[in-house]
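Enquirer: Could you look at this predicted model? Sequence included:
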Amino acid sequence: MIRLAFVVALLVAGIYGAWPSGPIRHAPGVVAPRDPAQVPVSGRPAFAHDGIGLQPLASFDVEARVLSTRRYTWLGTRYGLGREDALSPIDFALAWGPMSDQQVIDRLDISQGARFYAYRWSGPSPPLPSHVMVEHSANMHLIPASSLVWRQLKRVRAGDVVRFTGYLVSARSNDGWKWDSSLTRKDSGPGACELVWVETVSVAR
(Lines give C-alpha, C1' and ligand atoms only; values in the text may rest on other atoms or scores of the structure.)
Protein backbone atom coordinates (compact mmCIF):
# COMPACT_ATOMS: atom_id res chain seq x y z
CA MET A 1 0.00 0.00 0.00
CA ILE A 2 2.82 2.41 0.84
CA ARG A 3 4.53 1.61 -2.46
CA LEU A 4 1.27 2.23 -4.38
CA ALA A 5 0.76 5.56 -2.65
CA PHE A 6 4.33 6.55 -3.52
CA VAL A 7 3.79 5.71 -7.21
CA VAL A 8 0.53 7.68 -7.28
CA ALA A 9 2.29 10.66 -5.67
CA LEU A 10 5.00 10.53 -8.32
CA LEU A 11 2.44 10.45 -11.12
CA VAL A 12 0.51 13.37 -9.64
CA ALA A 13 3.74 15.35 -9.28
CA GLY A 14 4.66 14.59 -12.89
CA ILE A 15 1.26 15.69 -14.17
CA TYR A 16 1.41 18.85 -12.08
CA GLY A 17 4.92 19.61 -13.33
CA ALA A 18 3.83 19.18 -16.95
CA TRP A 19 0.74 21.38 -16.52
CA PRO A 20 1.32 24.73 -18.25
CA SER A 21 1.23 27.99 -16.34
CA GLY A 22 -0.81 30.85 -17.71
CA PRO A 23 0.80 32.57 -20.71
CA ILE A 24 2.61 35.87 -20.29
CA ARG A 25 1.12 38.74 -22.26
CA HIS A 26 3.00 41.63 -23.87
CA ALA A 27 2.05 45.03 -25.22
CA PRO A 28 1.27 45.08 -28.96
CA GLY A 29 4.33 44.91 -31.17
CA VAL A 30 7.15 42.57 -32.15
CA VAL A 31 9.05 41.32 -29.09
CA ALA A 32 11.56 39.02 -30.84
CA PRO A 33 12.66 40.82 -34.00
CA ARG A 34 15.56 38.75 -35.33
CA ASP A 35 15.52 35.51 -37.27
CA PRO A 36 17.27 32.45 -35.84
CA ALA A 37 20.94 32.34 -36.84
CA GLN A 38 22.65 29.17 -37.99
CA VAL A 39 26.10 28.54 -39.42
CA PRO A 40 26.96 25.18 -41.03
CA VAL A 41 29.72 23.27 -39.29
CA SER A 42 32.04 20.79 -40.94
CA GLY A 43 34.57 18.50 -39.40
CA ARG A 44 32.96 18.63 -35.98
CA PRO A 45 32.90 15.04 -34.69
CA ALA A 46 29.76 13.23 -33.63
CA PHE A 47 29.36 12.54 -29.93
CA ALA A 48 27.34 10.12 -27.82
CA HIS A 49 24.47 11.19 -25.59
CA ASP A 50 22.57 8.57 -23.60
CA GLY A 51 23.56 5.90 -26.09
CA ILE A 52 22.58 7.92 -29.16
CA GLY A 53 25.08 9.38 -31.62
CA LEU A 54 24.58 13.09 -32.32
CA GLN A 55 26.16 14.78 -35.34
CA PRO A 56 26.29 18.60 -35.23
CA LEU A 57 25.03 20.08 -38.50
CA ALA A 58 25.03 23.82 -37.77
CA SER A 59 25.60 26.13 -34.85
CA PHE A 60 22.28 27.63 -33.78
CA ASP A 61 21.30 30.82 -31.93
CA VAL A 62 17.64 31.70 -31.53
CA GLU A 63 15.81 34.40 -29.60
CA ALA A 64 12.07 33.97 -29.88
CA ARG A 65 8.73 34.28 -28.16
CA VAL A 66 7.44 31.02 -26.71
CA LEU A 67 3.99 30.22 -28.06
CA SER A 68 3.65 26.94 -26.20
CA THR A 69 5.70 24.24 -24.48
CA ARG A 70 5.08 20.51 -24.31
CA ARG A 71 6.93 17.94 -22.20
CA TYR A 72 7.31 14.28 -23.14
CA THR A 73 7.87 11.90 -20.25
CA TRP A 74 10.03 8.84 -19.66
CA LEU A 75 6.89 6.68 -19.65
CA GLY A 76 6.76 6.74 -23.45
CA THR A 77 10.23 5.24 -23.80
CA ARG A 78 9.80 2.74 -20.98
CA TYR A 79 6.74 1.22 -22.63
CA GLY A 80 8.09 1.37 -26.17
CA LEU A 81 6.03 4.34 -27.29
CA GLY A 82 8.86 6.55 -28.51
CA ARG A 83 12.63 6.73 -28.25
CA GLU A 84 12.42 10.40 -29.16
CA ASP A 85 10.92 11.23 -25.76
CA ALA A 86 14.03 10.13 -23.89
CA LEU A 87 16.38 12.05 -26.17
CA SER A 88 14.31 15.24 -26.38
CA PRO A 89 11.99 15.55 -23.37
CA ILE A 90 10.50 18.93 -24.31
CA ASP A 91 9.33 20.88 -27.38
CA PHE A 92 9.00 24.63 -27.70
CA ALA A 93 6.71 26.22 -30.28
CA LEU A 94 8.52 29.47 -31.03
CA ALA A 95 7.77 32.68 -32.95
CA TRP A 96 9.90 35.58 -34.07
CA GLY A 97 9.48 38.66 -36.24
CA PRO A 98 5.83 39.49 -37.02
CA MET A 99 4.63 36.22 -35.45
CA SER A 100 5.86 37.41 -32.03
CA ASP A 101 3.36 40.30 -31.97
CA GLN A 102 0.68 39.98 -29.29
CA GLN A 103 -1.96 41.23 -31.74
CA VAL A 104 -1.17 38.32 -34.07
CA ILE A 105 -1.06 35.74 -31.28
CA ASP A 106 -4.42 36.92 -29.90
CA ARG A 107 -6.04 35.76 -33.14
CA LEU A 108 -4.50 32.29 -33.01
CA ASP A 109 -5.51 29.09 -31.26
CA ILE A 110 -2.19 27.29 -30.67
CA SER A 111 -1.77 23.61 -29.82
CA GLN A 112 1.04 21.08 -29.46
CA GLY A 113 1.07 17.30 -29.47
CA ALA A 114 2.67 14.22 -31.05
CA ARG A 115 5.86 16.31 -31.59
CA PHE A 116 4.01 18.84 -33.79
CA TYR A 117 2.67 22.37 -33.29
CA ALA A 118 -0.43 23.75 -34.97
CA TYR A 119 -2.43 26.96 -35.10
CA ARG A 120 -5.89 28.02 -36.17
CA TRP A 121 -7.16 31.57 -36.49
CA SER A 122 -10.37 33.40 -35.85
CA GLY A 123 -12.02 35.38 -38.59
CA PRO A 124 -12.20 34.83 -42.35
CA SER A 125 -8.46 35.26 -42.98
CA PRO A 126 -5.21 34.64 -41.11
CA PRO A 127 -3.58 37.52 -39.24
CA LEU A 128 -0.54 37.25 -41.55
CA PRO A 129 0.07 35.69 -44.97
CA SER A 130 0.51 31.92 -44.66
CA HIS A 131 4.14 31.91 -45.81
CA VAL A 132 5.02 34.60 -43.26
CA MET A 133 3.52 32.52 -40.46
CA VAL A 134 5.42 29.41 -41.60
CA GLU A 135 8.75 31.24 -41.95
CA HIS A 136 8.48 32.99 -38.57
CA SER A 137 7.49 30.14 -36.29
CA ALA A 138 8.57 26.57 -35.64
CA ASN A 139 8.24 23.62 -33.31
CA MET A 140 11.67 22.73 -31.94
CA HIS A 141 12.69 19.47 -30.28
CA LEU A 142 15.15 20.36 -27.51
CA ILE A 143 17.93 18.14 -26.16
CA PRO A 144 19.29 19.62 -22.92
CA ALA A 145 23.10 19.40 -22.78
CA SER A 146 23.14 19.30 -18.97
CA SER A 147 20.90 18.98 -15.94
CA LEU A 148 21.17 22.74 -15.45
CA VAL A 149 19.89 23.41 -18.97
CA TRP A 150 17.03 20.96 -18.40
CA ARG A 151 15.99 22.77 -15.22
CA GLN A 152 16.08 26.09 -17.06
CA LEU A 153 14.00 24.77 -19.97
CA LYS A 154 11.36 23.40 -17.61
CA ARG A 155 10.86 26.85 -16.10
CA VAL A 156 10.08 28.54 -19.44
CA ARG A 157 6.46 29.65 -19.91
CA ALA A 158 4.34 30.56 -22.89
CA GLY A 159 4.90 34.25 -23.55
CA ASP A 160 8.52 34.25 -22.40
CA VAL A 161 11.13 35.62 -24.77
CA VAL A 162 13.77 32.92 -24.61
CA ARG A 163 17.22 32.69 -26.09
CA PHE A 164 19.18 29.49 -26.46
CA THR A 165 22.34 28.48 -28.26
CA GLY A 166 23.73 25.14 -29.35
CA TYR A 167 23.63 23.00 -32.48
CA LEU A 168 21.14 21.59 -34.93
CA VAL A 169 21.88 17.87 -34.95
CA SER A 170 21.07 14.54 -36.52
CA ALA A 171 20.61 11.54 -34.23
CA ARG A 172 21.55 7.93 -35.00
CA SER A 173 21.55 4.60 -33.16
CA ASN A 174 23.23 1.31 -33.99
CA ASP A 175 19.93 -0.39 -34.85
CA GLY A 176 19.18 2.04 -37.69
CA TRP A 177 16.92 4.48 -35.85
CA LYS A 178 17.47 8.08 -36.93
CA TRP A 179 16.08 11.56 -36.35
CA ASP A 180 17.22 14.58 -38.37
CA SER A 181 16.86 18.30 -37.80
CA SER A 182 15.40 20.60 -40.38
CA LEU A 183 17.93 23.11 -41.66
CA THR A 184 15.50 25.72 -42.97
CA ARG A 185 12.74 27.85 -41.50
CA LYS A 186 10.70 27.72 -44.71
CA ASP A 187 9.36 24.18 -44.44
CA SER A 188 6.28 22.77 -42.74
CA GLY A 189 4.79 19.38 -41.98
CA PRO A 190 6.66 16.14 -41.15
CA GLY A 191 10.43 16.65 -40.95
CA ALA A 192 10.14 20.43 -40.61
CA CYS A 193 11.01 20.65 -36.91
CA GLU A 194 14.44 21.56 -35.59
CA LEU A 195 16.30 19.05 -33.40
CA VAL A 196 18.45 21.23 -31.14
CA TRP A 197 21.29 20.35 -28.78
CA VAL A 198 20.84 23.19 -26.26
CA GLU A 199 23.94 24.40 -24.41
CA THR A 200 22.81 27.77 -22.99
CA VAL A 201 19.40 29.22 -22.05
CA SER A 202 18.32 32.67 -20.94
CA VAL A 203 14.88 34.23 -20.52
CA ALA A 204 13.75 37.86 -20.67
CA ARG A 205 10.09 38.33 -19.80
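Expert: Happy to help now that I have it.

Enquirer: Next secondary structure after the worst-scoring helix or strand of the chain on mean pLDDT?
Expert: Lowest by mean pLDDT, DSSP states H and E among the helices and strands of the chain is helix 2-18, with a mean of 41. Scanning forward in sequence from helix 2-18 by DSSP states H and E, the next helix or strand is strand 37-40.

Enquirer: Distance-wise, check the residue nearest to Val156 when sequence neighbours are not counted relative to Ser188.
Expert: Residue nearest to Val156 in three dimensions, not counting chain neighbours: Val162, with 5.4 Å by CB to CB, 6 or more residues apart in numbering. Where C-beta positions appear, they are placed from N, C-alpha and C, glycine not excepted. Here the distance between Val162 and Ser188 works out to 22 Å (CB to CB, to the nearest Å).

Enquirer: With neighbour numbers in mind, choose between the two.
Expert: Val162 (22 against 18; other CB atoms under 10 Å).

Enquirer: beta partners of that one?
Expert: Ala64, Val203 (DSSP bridges).

Enquirer: Please list all residues in contact with it.
Expert: Val162 makes contact with 63-66, 92, 94, 156, 201-203 under the criterion CB atoms under 8 Å, 6 or more residues apart in numbering.

Enquirer: can I get these in CSV with distance to His26, neighbour count and pLDDT?
Expert: Putting these into CSV (distance: CB to CB, whole Å; neighbours: other CB atoms under 10 Å; pLDDT from 0 to 100) gives the following:
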residue, distance to His26, neighbour count, pLDDT
Glu63, 14, 21, 98
Ala64, 13, 27, 98
Arg65, 8, 25, 98
Val66, 11, 21, 98
Phe92, 17, 27, 98
Leu94, 15, 27, 98
Val156, 15, 19, 97
Val201, 20, 21, 98
Ser202, 17, 11, 97
Val203, 14, 15, 95
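
Enquirer: Among those, which one lies nearest to Ser146?
Expert: Ranked by distance to Ser146 (CB to CB), the contacts of Val162 are led by Val201 at 10.1 Å.
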